[in-house]
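In: have a look; sequence and predicted model below, questions after that.
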Amino acid sequence: MAKTKKELDEIAREISAQYGRFLNVKEVGEVLGVSRETARKITSEMEPATVCGIKKFYVRDVVEKIFN
C-alpha cells in the first residue's frame, strides 16, 4: 500500500529516533522483522553510503522502497 510523503516522513522519523539516519543490512532486517538475506535483497538495488567503513542505507530510502 503506497503511503503519502507525510506518512513516509513520519515512519522514517520514528526509525531514525531509534537507529539514527543510516541503517546497515542487519539493522534493516531488525526494523522490518526479516532475515539478513531478505534485507540484503531489499537493499541490493539501493546505493549505500560508507559510514566509518560500513555500507549503510539512508532510512528514508529504505522506507520508500518498502512502502512505494
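Out: Okay, I see it.
In: any weak-confidence spans in the protein?
Out: Scanning the chain for pLDDT under 70 picks out 1.
In: residue boundaries of the helices in it?
Out: 5-19, 25-32, 36-43, 59-67 (DSSP state H).
In: what is the second one packed up against?
Out: Okay, so that is helix 25-32. helix 5-19, helix 36-43, strand 54-58, helix 59-67 (3 or more Cβ pairs under 8 Å, 6 or more residues apart in numbering; DSSP states H and E). C-beta coordinates here come from the backbone N, C-alpha and C atoms, glycine included.
In: now tabulate these in a markdown table and tack on distance to residue 29 and mean neighbour count.
Out: Formatted as a markdown table, the helices and strands packed on helix 25-32 follow (distance: least, Cβ to Cβ, whole Å; neighbours: other Cβ atoms under 10 Å):
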| stretch | distance to residue 29 | mean neighbour count |
| --- | --- | --- |
| helix 5-19 | 12 | 14 |
| helix 36-43 | 4 | 16 |
| strand 54-58 | 12 | 17 |
| helix 59-67 | 11 | 18 |
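In: quick one, which of those gets closest to residue 26.
Out: Across these, residue 26 has its closest neighbour in helix 36-43 (6.0 Å, Cβ to Cβ).
In: and the closest residue to residue 56 other than its chain neighbours, how far is that from residue 6?
Out: Distance criterion Cβ to Cβ, 6 or more residues apart in numbering; nearest residue to residue 56, sequence neighbours excluded, is residue 22 at 3.8 Å. Counting by Cβ to Cβ, to the nearest Å, the gap between residue 22 and residue 6 amounts to 22 Å.
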